[in-house]
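Colleague: how would this look folded up:
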Amino acid sequence: MLDRPSWAPKHIDLDKPSSARIYNYLLGGACNAASDRAVARELLAITPEIRDMARVNRAFLRRVVPFLVHSGVRQFLDIGSGIPNVGNVHDVAQQLDPECRVVYVDNDPIAIAHSELLIQGNERAGTVTADFRDPDSILRSPTVTGLLDFDEPVAILLILMLHYVSDSDGPGRLLAHYRDALPSGSYIALTHPTRVDFEGFDKVFSIAQSTVDDITVRSYDEIVALTDGFELVEPGVVFVPQWRPESPLDVGEYPEKSIVYGAVARKT
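Modeller: All right, here's what the predicted structure looks like:
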C-alpha cells in the first residue's frame, strides 16, 4: 500500500473528494488524492475545457491583484483561498510592494496547512481557519486584526467561493456584513459560475453536486446583485477572460465557455 501523502493531515478523509483538491488537480498541482482525480477525470471526459476554465479563473486573480495594488490597496483578505498554486496573492502583491499584507482564509485544513508552509517567515501574511458564513470569526480573528488595518482600504477576494453559499444562507446579507466592516476605497473581487448553454453542462453540474459540495449556480443578474453597495469597476460583471485581458488571445473566441463571471467592485 502507498503511504499516506505527507501533505494530508491524519484526520482528513481522502476517500471523500474535495472541491479544493479537484481544483488543485485541474491546475496541475500535486495536493490531490485518488478520489479527487477520479471526479476530475470524469468531468474532463464530459467537458475537456474544464481544465481551461480553472486556468482562466486563476489568470483573473493574477490580473486583479496588480490592479488593486495600482489602485492603492495594500491589504488583502482572501476568503476561500484554497490550496496554494502558482501566482498566490502574497507573491503577486508583495512583488509589487513588499509592504502588502495578506490573510488567507479557508475552512479546509489542507488548504490552510499548505498556506502556512508557503508563508513561513513572512511577517506580512497569515492564515485563518474559518468559514465565510461566519463573518465575525474572520473579521475578529487575532490574525486579521493583527495584520489588517480597517481604517485603510482592504480588498476582499472571493474567487470561486460564493457558489458554495446557498440562497438560504443569505449571501447578500453576509456580503453586507463584510461591506459594512470596510472603509471607503476598499474593494471586493469575485468569480462565480453561471449556467451556460453548452453540451454537458447539466451532467457536469450533477456530478459536482453529487460528489463534492452543494453548489448554487447563479444568473448574471443574481451575480450583479451580490455587488450591491459597491460600485462596479469597468468592465463590470463579465466572463473572466473578458475582465481586462492582457491580449485578445486571452479572451478567445468563446469566453462564455469559461462558465465563470468575474467582477471587481469598490466601496465609495
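Colleague: make it CA atoms for all contacts and neighbour counts henceforth
Modeller: Will do.
Colleague: Quickly find the element holding residue 189.
Modeller: Assigned by DSSP states H and E, residue 189 belongs to strand 187-193.
Colleague: brain fart, residue 218
Modeller: Per DSSP H and E: nothing holds residue 218, as it lies in no helix or strand.
Colleague: Just the buried residues of the one helix or strand residue 117 maps to, please?
Modeller: Using DSSP H and E, residue 117 sits within helix 109-118. Neighbour counts over helix 109-118 (16 or more other CA atoms under 10 Å) mark 109, 110, 111, 112, 113, 114, 115, 116, 118 as buried.
Colleague: on that earlier part again, the strand holding residue 189 - what's its average pLDDT?
Modeller: The average pLDDT within strand 187-193 is 97.
Colleague: partners of it in the sheet?
Modeller: strand 155-159 (parallel), strand 260-266 (antiparallel) (DSSP bridges).
Colleague: I'd say residue 227 and residue 265 touch.
Modeller: Yes - the criterion here is CA atoms under 8 Å, and residue 227 meets it with residue 265 at 6.8 Å.
Colleague: Can you get me a residue count around residue 268?
Modeller: Burial of residue 268 is recorded as 11 neighbouring residues (other CA atoms under 10 Å).
Colleague: quick one: it and residue 174, what's the gap?
Modeller: 19 Å (CA to CA, to the nearest Å).
Colleague: all helices of the stretch 51-200 of the chain, in order?
Modeller: 89-96, 109-118, 135-139, 142-147, 171-181 (DSSP state H, counting those that start in this stretch).
Colleague: Need those in TSV (columns: distance to residue 165 and mean pLDDT).
Modeller: Formatted as TSV, the helices of the stretch 51-200 of the chain follow (distance: least, CA to CA, whole Å; pLDDT from 0 to 100):
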stretch	distance to residue 165	mean pLDDT
helix 89-96	23	97
helix 109-118	18	86
helix 135-139	13	98
helix 142-147	22	98
helix 171-181	6	97
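Colleague: Mind putting those into a markdown table with distance to residue 103?
Modeller: Formatted as a markdown table, the helices of the stretch 51-200 of the chain follow (distance: least, CA to CA, whole Å):
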| stretch | distance to residue 103 |
| --- | --- |
| helix 89-96 | 9 |
| helix 109-118 | 10 |
| helix 135-139 | 10 |
| helix 142-147 | 7 |
| helix 171-181 | 15 |
